[in-house]
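Chemist: Below: sequence and its predicted model.
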Amino acid sequence: MAHIQLNNDLPGIRGLMAFSPKTAEPLNALAETLLRNDDNTLSRGERELIGTYVSYLNDCFFCQNVHGAMAGHYLTCDIAQIDSIKHDFKSAELSGKMKALLSIAGSVQKGGKHVTQSQIEEARKNSATDKEIHDTVLIAAAFCMFNRYVDGLGTSAPTDRQFYINRAPQRALEGYQSSVYH
C-alpha cells in the first residue's frame, strides 16, 4: 500500500504517473531520451543495464526488475544473466567499456563526488567516448531519482519476476512516452 492515496492499483512508477500526469510527462520524456534515443553509441540494452545496476544498488525491486527485463530483452539474455551482472559485473562477460561505465554508475549511485578521475581514464582507455561517460552519469543520476520516487512513496511491486519479463517486449515496442505504461 502506497504512503499516499493514489486512487489506482498500478504498480511502481506506473501508479505514481497515473496519480500525477503533469509530472509523468517530463519524467517519461527523460526516460525515453536516456534509454531509447537511437542517436547514441551505447545500445538500448547497455543503457537499460546501467539503470538496472543502479536500481539494484538502490535496492529498488520494481525498477531493477522492470529495467532488468528490458536489458535482458535487448541483450537477448535471461534474468539469471542480468542478476549475475548486477551481483558481480567485473566477472561478467561484458566489454571493458561496459565494466568501466558500470563502475562509474556505481560511484554516481553513492554520490556524484565519488566518481574518480581514474574511473574516467579507465573508461576512456576502453574506448568510452565523452558522450557515453556523460550519458552513464546522467542515467545513473536519473535512476537514483526514479528509485527514490518509487520507494519513497511506498509503491507496490509484483513479486513474480515473470511479470516484468512478460511486459518487456511490449515496453520495448511502445517506449516510455505514454504517461501510464498500459
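Modeler: Ah, there it is.
Chemist: Can you pull up the most central residue in this protein?
Modeler: Gly51 (2.2 Å; CA atoms, centre = their mean).
Chemist: thought that one was touching Ile139?
Modeler: Yes. Using CB atoms under 8 Å, Gly51 is in contact with Ile139, at 5.7 Å. All C-beta spots, glycine's among them, are computed from the backbone N, C-alpha and C.
Chemist: circling back: just the buried residues of the helix or strand harbouring the residue nearest to the centre of the chain, please?
Modeler: Secondary structure from DSSP states H and E places Gly51 in helix 44-57. Neighbour-count burial for helix 44-57 flags 44-57 (criterion: 16 or more other CB atoms under 10 Å).
Chemist: packing partners for it?
Modeler: helix 21-36, helix 61-75, helix 79-87, helix 96-110, helix 130-152 (3 or more CB pairs under 8 Å, 6 or more residues apart in numbering; DSSP states H and E).
Chemist: Tell me the pLDDT of the residue nearest to the centre of the chain.
Modeler: Looking at Gly51, its pLDDT is 98.
Chemist: Tell me how far it lies from Met1.
Modeler: Shown here: Gly51 relative to Met1, a distance of 26 Å by CB to CB, to the nearest Å.
Chemist: can you count the residues close to Pro158?
Modeler: Neighbours of Pro158 under the rule other CB atoms under 10 Å: 14.
Chemist: separation between it and Val66?
Modeler: 10 Å.
Chemist: quick one: common contacting residues for those two?
Modeler: Tyr164 (CB atoms under 8 Å, 6 or more residues apart in numbering).
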